[in-house]
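> Structural data only, the sequence is not supplied:
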């Protein structure tokens, strides 16, 4: 499976998704939580969707307000994120051991 | 005060526009950004959200235009997109057509055509077509006028050409022909310059000028400059020391003793007015070129300053020896010359120091002699030079740099002229692109993409705005020119000349930031560098598109 480049900003977005993997998230909500501006956030979302790691859906809200575009990780996305974060954690643990002189 | 809801309205409009130009596969994303706008807290935050989103969509639109295969199309033609996206195509086409038509209508106005002609002057330097000041050998307009003037035996027109023609030898020929036909135009010899003339030819002209206008100091200054000021430079005298040269001193003495100094600027302006009207010439460059002479001959200033210094030195020496009467005479010669040249002339500033010193010395000597009335008179004259100094400094600065108003207007004229050219080029390229893409010249079968329509709308609106700015910024100068051509009023010609001088500098040259300065010659380099880079980029894109869109051979299973 092809995967997109995981920049620190992409990882920040994925972190938010993986907190509640089944929940549908709004763009503005993600922007506020990650601190990313729309010009940075949307290219990341578009790239994730291009690699089928993210699915999108229009959801109706209260009356009179236009429907909102929502996003959620696909099973592939969840799998990739978990694998990535597991690898990150393992690399971090190795670095900590190395810097603390072998005392884990 | 900005209404509170304005940023949000602008945000919605911007995002709608970005969605309109966005490629089809990003429409959902664009609409998603737009729907989120309803939930963004704060109007300014909404605008920032919209700018970010619009930037993303614009990037995709540009990429889709350059690399057509990089975005999936879910509809077959651009026309289907318009049908789907609402009635924005017709208004866009109407805006483009009306703006282009309005811009073209400007060209029916003669003042605008003249303004556009002036705005193109900045390109003469970039494209190495020098127009004014003249570095080229020929001037087609003057050649044509010369032919007519020769046929009509029109001495004034020949004199008009003589003071403008780029080639010095031709200039001398025209001056001779004019004076032969009408000896009252002998003053042309003083104005047409002396570059590339042989010493004997200069002597002949000086002699004719002296005979024709014996009271004037100008021919003597002309002759003195031909001899050359006898200045030697050494370690002891780094600023130069004036040596003895009887011939030079004789001419300068004659100049300082002359009863008048006529620079013939008034005569030239009157002659220009008559010739321009007679031949119906309304070229502002030709009309204002007389003003380039500064009102005082450039060959006079340095000589006068040096001779005045030598007279003052000689007066001081006589004073120290006790010969106050002779010293008084020396100072008086300098002072008289100061009275002869107008105090309002900007070049008076360059010999102001010597004049002021002469009046100061005369006041001191008069006081010593017990003549208080004369002393206070000379003191008041010395003060006048001080009072006029600021005005002269400003005139001199305006002469070389142009006034702030003319600088600003010249900037606007150059900018708007450039704007018109860029917008016209963009419109042409868009039209060419649409024709090539649709492989048809029939209007009905042309389907421009949204990005093309957006670019064309921008270019058409830009062209109209640039035309209006060009017209408004040039109009006052056109009125100055008309006042000169119709009524002979030359009072504002220096302002027109300063404006035209600034209008010829390529936009961006003379720009400086700290120690970094772009000269006109560097501007030429930057221009051609940008053109080469853009051409190379266009070629690369064309090659890339060719390889991306060419049909590939199918691989047998």
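Yep, it's here. Keep in mind that this is a model prediction, so the values were computed, not measured.

> What's the separation between residue B:430 and chain A?
When CB to the nearest CB, to the nearest Å is the yardstick, residue B:430 and chain A sit 27 Å from each other. To be clear about C-beta, it is placed using only N, CA and C from the backbone, and glycine gets the same treatment.

> Ok, residue B:142 next?
When residue B:142 is compared with chain A (using CB to the nearest CB), they lie 58 Å apart.

> Can you name the residues that contact that residue?
For residue B:142, the residues meeting the contact criterion (CB atoms under 8 Å, 6 or more residues apart in numbering or on different chains) are B:161, B:164-165.

> What's the nearest residue in the stretch 301-450 of chain B when you look at chain A?
Closest to chain A within the stretch 301-450 of chain B is residue B:450: 19.0 Å, counting by CB to the nearest CB.

> where along the chain do the strands fall?
All of this refers to chain A. Applying DSSP state E to chain A gives strands spanning A:25-26, A:54-59, A:68-73.

> could you do chain B instead?
According to DSSP E, chain B carries its strands in the segments B:231-232, B:241-242, B:512-513, B:516-517.

> one step back: quick check: closest non-adjacent residue to the residue of the stretch 301-450 of chain B closest to chain A.
Closest residue in space to residue B:450, ignoring its immediate chain neighbours: residue B:21 at 4.6 Å, by CB to CB, 6 or more residues apart in numbering or on different chains.

> which of the contacts of residue B:142 tops the neighbour count?
For the contacts of residue B:142, neighbours were counted using other CB atoms under 10 Å in any protein chain shown, and residue B:161 has the most, 28 neighbours in all.

> That one contacts residue B:144, doesn't it?
No. In this structure, residue B:161 sits apart from residue B:144 without contact. The criterion is CB atoms under 8 Å, and the distance is 10.3 Å.

> Residue B:227 touches residue B:251, doesn't it?
Yes. With the criterion set as CB under 8 Å, residue B:227 and residue B:251 qualify as a contacting pair; they are 6.6 Å apart.

> out of these two, which sits in the busier spot?
residue B:251 (24 against 18).

> Look through the stretch 101-250 of chain B and state the residue closest to chain A.
Taking CB to the nearest CB as the measure, the stretch 101-250 of chain B has residue B:103 as its residue closest to chain A, at 34.1 Å.

> which residues touch that residue?
Remark: with contacts taken as CB under 8 Å, 6+ apart, residue B:103 is in contact with B:420, B:460, B:463-464, B:467.

> how about 6 Å then?
Contact partners of residue B:103, counting by CB atoms under 6 Å, 6 or more residues apart in numbering or on different chains, are B:463-464, B:467.

> and the strands of chain A, which is most packed in?
Ranked by mean neighbour count under mean count of other CB atoms under 10 Å in any protein chain shown, the strands of chain A are led by strand A:68-73, which reaches a mean of 20.

> what pLDDT, on average, does it get?
Strand A:68-73 comes out with an average pLDDT of 92.

> Quick one: list the elements packing against it.
Counting contacts by 3 or more CB pairs under 6 Å, 6 or more residues apart in numbering or on different chains; DSSP states H and E, strand A:68-73 packs against strand A:25-26, strand A:54-59, helix B:27-37.

> ok, it: who's next to it in the sheet?
For strand A:68-73, the paired strands and their directions (DSSP bridges) are strand A:25-26 (antiparallel), strand A:54-59 (antiparallel).

> can you redo those as CSV with distance to residue B:540?
As requested, these are exported to CSV (distance: least, CB to CB, whole Å):
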stretch, distance to residue B:540
strand A:25-26, 40
strand A:54-59, 33
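
> need the residues of chain A near chain B, please.
By the criterion of CB under 6 Å from any CB of the partner chain, the positions of chain A lying close to chain B are A:27-28, A:37-39, A:42-43, A:46, A:65-66, A:68-69.

> Let me have those residues in a markdown table, extended by distance to residue B:303.
A markdown table is the format used below for the residues of chain A next to chain B (distance: CB to CB, whole Å):
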| residue | distance to residue B:303 |
| --- | --- |
| A:27 | 79 |
| A:28 | 78 |
| A:37 | 69 |
| A:38 | 71 |
| A:39 | 67 |
| A:42 | 74 |
| A:43 | 72 |
| A:46 | 76 |
| A:65 | 86 |
| A:66 | 83 |
| A:68 | 84 |
| A:69 | 82 |
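
> What's the ChimeraX line that selects buried ones from those?
In ChimeraX, selecting the buried portion of the residues of chain A next to chain B, with burial taken from 16 or more other CB atoms under 10 Å in any protein chain shown, looks like this:
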select /A:27,28,38,39,42,43,46,68,69
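
> To be precise, which single item in the residues of chain A next to chain B has the lowest pLDDT?
Within these, the minimum per-residue pLDDT falls on residue A:65 (78).

> What count of nearby residues applies to the closest residue to that one other than its chain neighbours?
In space, and not counting its chain neighbours, residue A:65 is closest to residue B:38: 5.9 Å by CB to CB, 6+ apart. By the other CB under 10 Å criterion, the neighbourhood of residue B:38 contains 15 residues.

> What distance do you get for residue B:38 to residue B:8?
Separation of residue B:38 from residue B:8 (CB to CB, to the nearest Å) stands at 10 Å.

> isn't residue A:38 right next to residue B:49, touching?
Yes. The criterion here is CB atoms under 6 Å, and residue A:38 meets it with residue B:49 at 4.8 Å.

> Look up the pLDDT of residue B:348 for me, please.
On the pLDDT scale, residue B:348 is placed at 66.

> can you tell me how far the residue nearest to residue B:450 sits from residue B:449?
To residue B:449, residue B:21 is 8 Å away according to CB to CB.

> which residues are in contact with both of these two?
Contact with both residue B:21 and residue B:449 is made by no residue, according to CB under 6 Å, 6+ apart.

> In terms of pLDDT, where does residue 92 sit?
Just so you know, I chose chain A. Predicted confidence (pLDDT) at residue A:92: the value is 65.

> Chain B was what I was after
On the pLDDT scale, residue B:92 is placed at 79.

> and what of residue B:68?
60.

> contacting residues for residue 46?
Reading this off chain A. In this structure, residue A:46 makes contact with residue B:29, judged by CB under 6 Å, 6+ apart.

> Actually, chain B is the one I wanted.
B:8, B:11, B:37, B:40.

> Burial check on the first one, number of neighbours?
Burial measure for residue B:8: 20 neighbouring residues, criterion other CB under 10 Å.

> now it: how far from chain A?
Computed with CB to the nearest CB, the distance linking residue B:8 and chain A is 14 Å.

> can you check the last one too?
When distance is defined by CB to the nearest CB, residue B:40 is 6 Å away from chain A.

> thinking again about what came up before, out of the contacts of residue B:46, which is nearest to residue B:385?
Taking CB to CB as the measure, residue B:385 sits nearest to residue B:11 out of the contacts of residue B:46, at 62.8 Å.

> who in chain B is up against chain A?
By CB under 6 Å from any CB, the part of chain B that sits against chain A consists of B:29, B:32, B:35-36, B:38-40, B:49, B:52-53, B:55-56.

> Just the buried ones from those?
The neighbour-count test (16+ other CB under 10 Å) applied to those identifies B:29, B:32, B:35-36, B:39-40, B:49, B:52-53, B:55-56 as buried.

> could I get those as a markdown table with pLDDT?
A markdown table is the format used below for these (pLDDT from 0 to 100):
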| residue | pLDDT |
| --- | --- |
| B:29 | 93 |
| B:32 | 92 |
| B:35 | 91 |
| B:36 | 91 |
| B:39 | 89 |
| B:40 | 91 |
| B:49 | 93 |
| B:52 | 93 |
| B:53 | 93 |
| B:55 | 93 |
| B:56 | 92 |
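
> export the residues you listed to TSV and tack on distance to residue B:546?
Rendered in TSV, the data for these read as follows (distance: CB to CB, whole Å):
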residue	distance to residue B:546
B:29	30
B:32	35
B:35	40
B:36	40
B:39	45
B:40	43
B:49	39
B:52	34
B:53	33
B:55	29
B:56	28
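
> Alright, calling it a day.
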